[in-house]
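Asker: What would the 3D arrangement of this be:
(4 chains)
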2 protein chains.
Amino acid sequence: MLRPAARPAPGRAAPLFAALGDATRLKLVARMSARGPLSIARLAEGSSLTRQAITKHLKVMEEIRLVRSRRRGRERIWSLEPRRVEEARRYLEAVASQWDAALDRLQRLVEK
Amino acid sequence: MLRPAARPAPGRAAPLFAALGDATRLKLVARMSARGPLSIARLAEGSSLTRQAITKHLKVMEEIRLVRSRRRGRERIWSLEPRRVEEARRYLEAVASQWDAALDRLQRLVEK
DNA sequence: TTCATAAGCAACCTCCAGGTTGCATATTAC
DNA sequence: GTAATATGCAACCTGGAGGTTGCTTATGAA
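Answerer: The predicted structure follows:
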């Protein structure tokens, strides 16, 4: 009985948004999403930051399972976890529609 | 010619997610979205934090236009800015579908 | 087998986000 | 008019996020 994934509580969703809320990390996400799985070296390429800084950011995102990594030879390959992205997306969708509903309610109250 | 609102660059979208990425702020968003426009006092109600702390959070969100406020008598009423929520939502939607596309491309490459 | 590449580990630094307290000011209620 | 309510302003404190440097280790290439 696969339930339709209820909206998570704000306390649970916040860390997800926090992970996305750093420009460096969001660029990493964008790069992965554009090119597919990439090694740290590839991800750090062109950045003004150190490779170690990039690694730290990746670990932050891994901790909340926004990305995952696997070792391949001497490299470590990083992938996006699309289910988490989707989870965040749905949260915002719910917020927006709930807000609309609240406004509608108030509007009707005034009209009465 | 109202264009369909292109996906913003990571650098522009990150502050939006950062604003959502704090548990206190996300709770404020949730509360507004559930009940409609609310005063600071209402928003601070039940929280363990100071009213001033709440005010600071609201200002953070106002700065990036995730919420707006208007004065009404001695109160200040805070509302959600649903277009910004929608903007963030679309960003995530784009990330997810781009990732899927990248995987598909790679998959087809392997099969060839 | 030796050199170059890719990554991991750890210690350290700095600044500012997220809080607080204390006081001032504007509105509203009685 | 006076007390209570709702908010604004400012100074201050503190931990941890986001960086760096330096060194080590594993793997691949020639």
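
Asker: tilt between the one helix or strand residue A:92 maps to and helix B:82-111?
Answerer: Residue A:92 is part of helix A:82-111, with elements assigned from DSSP states H and E. Put simply, helix A:82-111 runs at 160 degrees to helix B:82-111, going by axes from the mean of the first three to the mean of the last three CA atoms, to 10 degrees.

Asker: Give the buried residues for helix A:82-111.
Answerer: Neighbour-count burial for helix A:82-111, counted by 16 or more other CB atoms under 10 Å in any protein chain shown, picks out A:82, A:84-85, A:87-96, A:98-99, A:102-103. Backbone N, C-alpha and C define where each C-beta goes, glycine included.

Asker: cool, stretch A:41-49 as well?
Answerer: A:43, A:44.

Asker: Which positions in chain A make contact with DNA strand C?
Answerer: Residues of chain A lying close to DNA strand C (CB under 7 Å from any atom of the strand) are A:39, A:40, A:41, A:51, A:52, A:55, A:71, A:74, A:75, A:76, A:77.

Asker: about what we covered before: overlap between the buried residues of helix A:82-111 and the residues near chain B?
Answerer: A:82, A:85, A:88, A:89, A:92, A:93, A:95, A:96, A:98, A:99, A:102, A:103 (CB under 8 Å from any CB of the partner chain).

Asker: Strands of chain A, start to end?
Answerer: Secondary structure of chain A by DSSP state E: the strands cover A:38-39, A:67-72, A:75-80.

Asker: Alright, calling it a day.
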